[in-house]
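> here is my input; please provide its structure:
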Amino acid sequence: MATSAGTKLKPLRFVRTTTPHPKYNPQAHHTQLRISNATEGSVDFELHITKDHTNRLNIIHGGTIASLVDLGGSLAVASRGYYMTGVSTDLNVTYLSSGGKIGDKLHGTAECDWIGKTLAYTRVTFWDSQRNMVARGSHTKWGPLPLSELEPEPVPKSTSTSTTG
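This next block holds a predicted model:
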């Protein structure tokens, strides 16, 4: 817990210096996300890596990849016609290499392997621009609900006073 000057910080202060800014939004990881293809049960995407996606080594942060496993798994379930994709019961990530730095593109494919009555099983694979696998993950979701089983949502009353349609 030493600073660059060699002085020791108390644990709380040290932790505060290592955590993101209070206004940090984990969803910001996905502002540079582009869905490149989607078929039933499979979604391809790419992430343009920015400073917000990296760690102190200026390579993509493991948390960025983990959140993409979460999002990718949900998108893969949605691609099979599920409006409510459920909640996570487990998520696993294996990191194989650094994954990229600022300016690189991270490519991913999310696949829904199986959906039962209450659980959906997904996997996500990540590659760098040279098609080297850099990470892979799995994500289990509980409670996916097909669009056909949803109760219709009430139409909100318009706040507009316009009488034209």
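> can you tell me which helix in the protein is longest?
If you go by DSSP state H, the chain has its longest helix at helix 62-78.
> which SS state does residue 47 fall under?
Secondary structure state of residue 47, per DSSP: H, G, I helix; E, B strand; the rest coil, is strand.
> so what's residue 88 bridging to?
Residues in a beta bridge with residue 88, per DSSP bridges, are residue 141.
> the helices in the protein, which residues?
11-18, 62-78.
> which secondary structure elements does the longest one contact?
Right, helix 62-78. In this structure, helix 62-78 makes packing contacts with strand 33-39, strand 42-48, strand 87-95, strand 105-115, strand 119-127, strand 133-142, judged by 3 or more Cβ pairs under 8 Å, 6 or more residues apart in numbering; DSSP states H and E. No exception for glycine: its C-beta is placed from N, CA and C like everyone else's.
> out of those, deepest packed?
Scoring the helices and strands packed on helix 62-78 by mean neighbour count under mean count of other Cβ atoms under 10 Å gives strand 119-127 as the most buried, with a mean of 21.
> what residues does it touch?
With Cβ atoms under 8 Å, 6 or more residues apart in numbering as the test, strand 119-127 has contacts from 65, 68-69, 72-73, 76-77, 82, 85-86, 89, 99, 106-115, 133-142, 144.
> pull up the pairing partners for it, direction included.
As assigned by DSSP bridges, strand 119-127 forms pairs with strand 105-115 (antiparallel), strand 133-142 (antiparallel).
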